[in-house]
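**Q** sequence? don't have it. structure:
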């Protein structure tokens, strides 16, 4: 197992380099540039040329990528890039003079907290709901659980989030409708301070977490139900019942554990997507998260933010998939990584 983990960690390097190269080329072949306009005005060509020269956008593409990767000083040039290999994601062209690493450091913790709580809610809702539906197949409980799962899968966040704001925030005034309850500095760079974990923190988090977590919970519930229905008809489950084991032990220890592999499979990309920011929910609830900056950077052609957020998302996704593969071996002893 240790050797497998080491090989996977070493494999991160070429994968991230490939993603960086592909994204770097892709964003630059899109028509338009970051300095073509200033608000509603079109900048004069000479002004655009001077700004492009400052940010090295007039260099050949291979040299721009080399500068982004290793830094201007290694190329023997004077500039502002220290290189990705030294943890420098570059300088934002939208927020003039602000390093992308600072923007990510300011916004990622909030997105991470929102995503982690949404995943936790999805697991706490989805697995029990799917389990109950499978154990009571074709009953009223099963039909109600299936209907709820289909409903929350069908209603997009763009509809659900404003409905939650209107009903629980504006009409009944139960929860705040904008902002986030925790402020920096954060523990370990992402987690709220213990002093922030009060009622107000969870009141601010309740609506956005519910808006994000319900659709994920619906997917998990459907997967849990389908997988558990297959497992409970296996021979070893009949053997466990024949031995007189308690039904709770059969379900929790034998059936549910083996039926969670499909659920664990989707947790990798689900975790990466929610933790690195969701534009719609962050915008509706006025949360200063990373998703808003990423989408805004697309419209503004802010290449450094696009690259920085894409690489961070890729890193989180790769790590999450590694954890998923390790979890496979813990859930199913037949899976071995030699």
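**A** Received, thanks. Owing to the predicted nature of the structure, the values given are computational and were not obtained by experimental measurement. Numbering: from 1, shown residues only.
**Q** so where's the stretch 1-150 of the chain shaky on pLDDT?
**A** Judged by pLDDT under 70, the stretch 1-150 of the chain has its weakly predicted residues at 37-40.
**Q** tell me the phi and psi of residue 152?
**A** Main-chain dihedrals, residue 152, degrees, to the nearest 10: phi -70, psi -20.
**Q** can you pull the pLDDT of it?
**A** What the model reports as pLDDT for residue 152 is 90.
**Q** Could you do residue 185 as well?
**A** In this model, residue 185 is scored at 64, pLDDT.
**Q** Which residues are in contact with the residue nearest to the spatial centre of the chain?
**A** The chain has residue 273 as the residue nearest its centroid, 2.4 Å off, counting by CA atoms, centre = their mean. Contacts for residue 273 (CB atoms under 8 Å, 6 or more residues apart in numbering) come out as 115, 313. Bear in mind the C-beta positions are built from the backbone N, C-alpha and C, glycine included.
**Q** With the one 10 residues further on instead?
**A** When the contact criterion is CB under 8 Å, 6+ apart, the partners of residue 283 are 291, 292.
**Q** quick one on the thing from earlier: did I read that right, the residue nearest to the centre of the chain in a helix?
**A** Yes - checked against DSSP: H, G, I helix; E, B strand; the rest coil, residue 273 lies within a helix.
**Q** Please report phi then psi for residue 191.
**A** Main-chain torsions, residue 191, degrees, to the nearest 10: phi -90, psi 150.
**Q** Which pLDDT value belongs to it?
**A** Residue 191 is given a pLDDT of 73.
**Q** Which residue is the nearest non-sequential neighbour of it?
**A** Leaving aside its sequence neighbours, residue 191 sits nearest to residue 113 (CB to CB, 6 or more residues apart in numbering; 7.2 Å).
**Q** so where do the helices sit in the stretch 51-200 of the chain?
**A** 61-70, 100-135, 140-154, 157-164, 199-231 (DSSP state H, counting those that start in this stretch).
**Q** ok, and for the shortest one, which residues are buried?
**A** It refers to helix 157-164. 157, 160, 161, 162, 164 (16 or more other CB atoms under 10 Å).
**Q** Please apply the same query to the third one.
**A** Within helix 140-154, the residues that qualify as buried by neighbour count (16+ other CB under 10 Å) are 142, 145, 146, 148, 149, 152, 153.
**Q** ditto for the last one
**A** Buried residues in helix 199-231, defined by neighbour count with 16+ other CB under 10 Å: 201, 204-225, 227-229, 231.
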